[in-house]
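1. Need a 3D model of the following:
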Amino acid sequence: MLIGVRARNDRADSADELLNSFVRGLLRKANAVLIAQGGVFKPGAVRSRAIELHDYCMADDQADYAFVHCTFKIGRGRSAEEQRAACSALFEMIKEHFAALYARRYLALSLELYEFNEGGTYKHNNVHARFATPPAPPPGSSVAR
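-> Below you'll find the predicted structure:
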């Protein structure tokens, strides 16, 4: 999941408040929500990151507006119901996570699902082995499996 975050820096705490206090926790919660989807997403494939945007314009650009736009990218193979359940769970978590901030400032929250074609992606990932049964030893360790 990609998360774009931006706040105007008219107030000293705007960007820091969003990025430091709220976003790191959001990333961890997002991973937990996806891993809790009953095996729909492999734990080793779940990753979240936040990207701060420096150039943007929101509404009339006259207030301390902020937004969090989440792009949830998944590979093909999940049913419409699995996609809907994951998106609903993610968006409810996002709204709950930002509820206090939403109540005291201008804030737009959004979530976009993007299902990509597996033929157009390239992957090299040894993280899945950590979640295998039995787990594989960490890369670089001398423990034989």
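
2. residue ranges of the strands in this structure, please?
-> 2-7, 49-52, 66-75, 107-116 (DSSP state E).

3. List the buried residues in the shortest one.
-> It refers to strand 49-52. A50 (16 or more other Cβ atoms under 10 Å). In this view, the C-beta of every residue, glycine as well, is placed from N, C-alpha and C.

4. Going by contacts, tell me the helices and strands next to that strand.
-> Counting contacts by 3 or more Cβ pairs under 8 Å, 6 or more residues apart in numbering; DSSP states H and E, strand 49-52 is packed against strand 2-7, helix 24-35.

5. can you dump the C-alpha coordinates of the longest one into PDB?
-> Just to be clear, that refers to helix 24-35. Only the C-alpha atoms of helix 24-35 are listed here, as PDB (Å, rounded to 0.1, in the frame of the first residue of the first chain):
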ATOM      1  CA  ARG A  24       4.200   5.300  11.100                       C
ATOM      2  CA  GLY A  25       1.300   3.800  13.100                       C
ATOM      3  CA  LEU A  26      -0.900   3.800  10.100                       C
ATOM      4  CA  LEU A  27       1.600   1.700   8.100                       C
ATOM      5  CA  ARG A  28       1.800  -0.900  10.900                       C
ATOM      6  CA  LYS A  29      -2.000  -1.000  11.200                       C
ATOM      7  CA  ALA A  30      -2.400  -1.400   7.400                       C
ATOM      8  CA  ASN A  31      -0.100  -4.400   7.400                       C
ATOM      9  CA  ALA A  32      -1.900  -5.900  10.300                       C
ATOM     10  CA  VAL A  33      -5.300  -5.400   8.600                       C
ATOM     11  CA  LEU A  34      -4.100  -7.100   5.400                       C
ATOM     12  CA  ILE A  35      -2.400 -10.000   7.200                       C
END
